[in-house]
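Chemist: Give me the fold of what follows.
(chains A and B)
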Amino acid sequence: MLKCKINGVEVEVKEGTTIIEAFKIAGQKIAHYCWHPGLSVAGVCRLCMVEIKGQPRLQIACNTPVQDGMEITNQSEQVKETVRWGLDFHLINHPLDCPICDQAGECGLQDQYMEFGLYTPEMAEPKVKKHKVVDLGSKIVLDTERCILCSRCVRFTAEVTKTYELGIFNRGDRSEIGTFENKPLENNYALNTVDICPVGALTSKDFRFRQRVWYLQERESICTGCSTGCNIKIYFNEEGLFRIRPVYNEKVNGYWMCDEGRNIYKFVNKENRLLKAKKGRKGEWLEMEGGAAAKDVAHHFKSLDKERIALVVTGQFSNEEYEALFQFYKKNVGNDFVYHWINNKESFEDFDGLLLRGDRNPNTKGLLQKLEDYRYEQTWAHLEENLKAGKIETLIVAGPENPLWFPDLKEKVQQWGIQLSHLIWLSSAKVQAVDEVECLTWQIPLKTFFEKDGTYVNYQGLEQKSHRIATIVPGALSLSEAAHLMAGEEYKVDMAPILKGPKKNYYVHRRGYL
Amino acid sequence: MSIVHKDTPSTKWYLPGILSGMGLTIKKLFYNLFHRKKMPTLNYPEEKYEYSPRFKGNHVLTVKKDGSLRCTACMLCATNCPADCITIVAAEHEDPTVEKYPIHYEIDILRCVFCGFCEEACPVDAIRMGPEWQTPGLADDNFHYDIQRLAYRPQLKGGILSRVDDEERHQFGL
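Modeler: Numbers count the residues shown, from 1 in each chain, chains lettered A, B, ... in the order given. Here you go, the predicted model:
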């Protein structure tokens, strides 16, 4: 362990730590663009200048390892002056289009200018004009004028994804980021470059111009897109969820997440959700509240033949919900017709080498454990056999939260509609096929991961807790609440606060304090 | 309700009070009849008072030389609005030099407090507060003013030109 002093704060760091990492450990502010903890050191922005006692010249903190007994400061006049001039150079050709830039509000340039800059520009020459609104495929838009050439995105495609799409072209003040022969940037991790871009040069097409970032609230959660279970930050306001970004977790996802996972917010938003519970069959639906429908199921349950009921579960729910559901099933039905619906059998074990796994369920591990605990050993083939033989009349389906990853969904539901006499469909998603079934059906809207507490076990067997954030569909139930209500118990459904963002004019009320 | 009966000479002898009051009224009536120009009141709505051009009345969205909206949908006015009455929906423009523009701009004029903070926050002189202030309406009228009304209402005669011009700024290399 090495001892060093950073702005007077004494810290102990491991051997090989760079000064900038020691600054982060000591909790001291330091200006930087090109350095990112998940990437290699480039040392191109020259902003992280520090003064080391005993050395006549300033050093860059990102590429200088700490040595024992170093006394480092970035508070001296010399360092401040250097950083100010560095910023001035960065801003020479930067267009002042913050009003239309998506990054405004979370921009490295804006923050650092307020923190370390605050100078009057000394540049008299006109700005160099470069390419604006360059289309980089279906996900990303590039604005080369805004780019400060920190090369984070270039290093990301070279080091993390190893796809080498991006590069720096031309020389001097005409150098710009681009792809070779304008090929699109289409790898499945491309949107991470938008996250690490310290300015608004790379913007996401999905989020572009939809909201200003200061209208959004952010909360941490767990991605339910696949069995990796990346730690995420969800950005939302009262109009809905808008985007998802990764949060650092050493054990699970590091600094990154895949682009497919970023789309899971769409299944939480109202337009893709089952908003009201329904009872009936094709063409004659009776709408009701979720709780009322579950109670109605409980009422009908007595008249059903217990030996002809079966349960189908998907790996999309939390451990607590499986526990409640299996308890309900054990007490009220008692047979062992419990089936695990595996959505994509062929690609179940796939892995792209970084994060995305073929198993697109957040909690398959947890479900398998619970199935083992309750000794439910029947397979899907048994279900098909039993259905054909007419042994099953009623099916309770804890359906998918995310219907996109269940390609056989429509086909299965249609098949069940013919073979069954009763279907109890529990799902958060709006599924067209369920609206067209011929048998007597109860559709009960469920909560998504955003609206309930739960534990998810990822592919490594790591338990991660996800906390409820807000309610989007007021009548929805969690699977455990639905199980309690279907068992005929008196149960109080707990609801998270209704979706709310910060007030748009929040800063007006803090006038003079910023 | 309690009624206070004061039995004093001034309440008992009310007639002098009434007569003196009537006298004042008649005096003013005859004065105004012969000095009509000095009269402080207006015959509204036939006569209307003209405020100074600095008056903060109904909003105007300015336009560019080609007649399209100057607004870039940066939403600073909506952020700065203390009454929270501005709603903007932004979209991508085909022209890369414009990039972002509002497809929907709405001011809930009944919520607006006419403070002028939107005008102050605007970086491109896209919203101004005009001298127009008489905009009555019936209960079922639309008080959510849209782009059509804010920028192209007939009183503006095709729109008011913004002072900030992007083309000029590009020429100067800004």
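
Chemist: okay, A:A190: pLDDT?
Modeler: pLDDT recorded at A:A190 is 94.

Chemist: Which residue comes closest to it once chain neighbours are left out?
Modeler: Nearest non-adjacent residue to A:A190, counting by Cβ to Cβ, 6 or more residues apart in numbering or on different chains: A:K139, 5.3 Å away. Quick note: C-beta positions are derived from backbone N, CA and C, even for glycine.

Chemist: List the contacts of that neighbour.
Modeler: For A:K139, the contact set (Cβ atoms under 8 Å, 6 or more residues apart in numbering or on different chains) comprises A:185-186, A:190-191, A:204-206, A:259.

Chemist: cutoff 10 Å now
Modeler: Counting by Cβ atoms under 10 Å, 6 or more residues apart in numbering or on different chains, A:K139 touches A:184-188, A:190-191, A:193-194, A:202-206, A:259, A:262.

Chemist: farthest-separated two in those?
Modeler: A:N188 and A:T203 (18.3 Å; Cβ to Cβ).

Chemist: now, which of the contacts of A:K139 sits nearest chain B?
Modeler: Within the contacts of A:K139, the smallest distance to chain B is 8.8 Å, found for A:K205 (Cβ to the nearest Cβ).

Chemist: Selection in ChimeraX covering whichever of the contacts of A:K139 are buried, please.
Modeler: Buried subset of those, written as a ChimeraX selection, criterion 16 or more other Cβ atoms under 10 Å in any protein chain shown:
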select /A:185,187,188,190,191,193,194,202,203,204,205,206,259,262
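
Chemist: Do you know the pLDDT at residue 142?
Modeler: Went with chain A since none was named. 94.

Chemist: Can you look at chain B instead?
Modeler: 88.

Chemist: What about residue 33, how many residues nearby?
Modeler: If you meant another chain, say so; for now it's chain A. 25 (other Cβ atoms under 10 Å in any protein chain shown).

Chemist: that answer is for a different chain, and I need it for chain B
Modeler: By other Cβ under 10 Å, neighbour count at B:L33 equals 9.

Chemist: Toward the C-terminus from the helix or strand hosting it, list the very next helix or strand.
Modeler: Assigned by DSSP states H and E, B:L33 belongs to helix B:15-34. For helix B:15-34, the following helix or strand on the C-terminal side (DSSP H and E) is strand B:59-61.

Chemist: so what strands line up beside that next one?
Modeler: Strand B:59-61 has its sheet partners listed here by DSSP bridges as strand B:127-129 (antiparallel).

Chemist: now residue 137, nearest residue through space, not along the chain?
Modeler: Just going to use chain A. A:G137 sits nearest to A:P184 (Cβ to Cβ, 6+ apart), 2.9 Å away.

Chemist: um, chain B though
Modeler: B:F143 (6.4 Å).

Chemist: The one you found: what's it in contact with?
Modeler: So B:F143 contacts B:107-112, B:135, B:137 (Cβ under 10 Å, 6+ apart).

Chemist: same thing with B:R169?
Modeler: A:95-96, B:124.

Chemist: Of these, just the buried ones, ChimeraX syntax please.
Modeler: Selection of buried members from the contacts of B:R169 for ChimeraX, criterion 16+ other Cβ under 10 Å:
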select /A:95 /B:124
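
Chemist: what's the lowest-pLDDT member of the contacts of B:R169?
Modeler: The member of those with the lowest pLDDT is A:L96, at 81.

Chemist: My reading is that A:G178 is in a strand; is that accurate?
Modeler: Yes: using DSSP: H, G, I helix; E, B strand; the rest coil, the assignment for A:G178 is a strand.

Chemist: In chain B, mark out all the strands, start to finish.
Modeler: Per DSSP state E, chain B carries strands over the ranges B:59-61, B:86-92, B:100-108, B:127-129, B:144-145.

Chemist: centre of the chain versus the third one, how much separation?
Modeler: Average the C-alpha atoms of strand B:100-108, do the same for its chain, and the two points are 19 Å apart (Cα atoms, centre = their mean, to the nearest Å).

Chemist: What mean pLDDT does that strand get?
Modeler: Across strand B:100-108, the per-residue pLDDT values average to 94.

Chemist: which SS state does A:V312 fall under?
Modeler: strand.

Chemist: Report pLDDT for it.
Modeler: 93.

Chemist: ok, what's across the strand from it?
Modeler: In beta-bridge terms (that is, DSSP bridges), A:V312 pairs with A:Y339, A:V397.

Chemist: Is it correct that A:Q211 is in contact with B:A90?
Modeler: Yes: judged on Cβ atoms under 10 Å, A:Q211 makes contact with B:A90 at a distance of 8.9 Å.
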